[in-house]
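# my questions concern the predicted model and sequence given below.
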Amino acid sequence: MFPKTIFDPYLCATMGKGTICFCKEVKASVVRSKIRKLELDTLVDVQLATGAATGCGRCRPDVQLILDEEAARRKEKGHQLKLRFE
């Protein structure tokens with residue numbers, strides 16, 4: 001018997017390769033790039049900027065994982081997190 005999944009596209013996507021959101025055809029590299037360039041800090045911000053995680057929702061945990069990794073990277077580099085009061 002072969003394992004149920006031989007290739008996990010979501011695992012590759014979270015490592016920065018491949019498509020993370022298949023509904024909207026958004027690559028993980030695009031999500032990371034937008035988070036860094038636009039200094040996005042919430043899932044809603046990422047959804048609005050990229051369209052990722054606005055379809056079926058299956059990729060939402062992976063997008064959140066990338067967002068958390070980028071927030072940790074910013075914190076590690078000494079960047080101050082911005083708070084929005086609206």
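Now that the structure is in, tell me what you want to look at.

# show me where this structure has helices.
Using DSSP state H, the helices of the chain run over 9-14, 28-38, 43-50, 60-76.

# which residue lies nearest the spatial centre of the protein?
V63 (2.9 Å; CA atoms, centre = their mean).

# where's the spatially closest residue to that residue that is not a sequence neighbour relative to I20, distance?
Spatial nearest neighbour of V63, chain neighbours left out: A53 (4.5 Å); criterion: CB to CB, 6 or more residues apart in numbering. Every residue, glycine included, has its C-beta placed from N, CA and C. Distance, A53 to I20, by CB to CB, to the nearest Å: 9 Å.

# looking at the two, which one has more neighbours?
I20 (29 against 25; other CB atoms under 10 Å).

# you'd agree the residue nearest to the centre of the chain is up against C23?
No. Contact criterion CB atoms under 8 Å: V63 and C23 do not qualify, at 11.8 Å.

# from G78, how far out is R60?
Per CB to CB, R60 is found 29 Å from G78.

# compare those two (neighbour count), which wins?
Remark: of R60 and G78, R60 carries more neighbours, 17 against 6, as counted by other CB under 10 Å.

# isn't that one right next to A53, touching?
Yes. R60 is within contact range of A53, at 4.4 Å (criterion: CB under 8 Å).

# who touches both of the two?
Both R60 and A53 are contacted by L43, under the criterion CB atoms under 8 Å, 6 or more residues apart in numbering.
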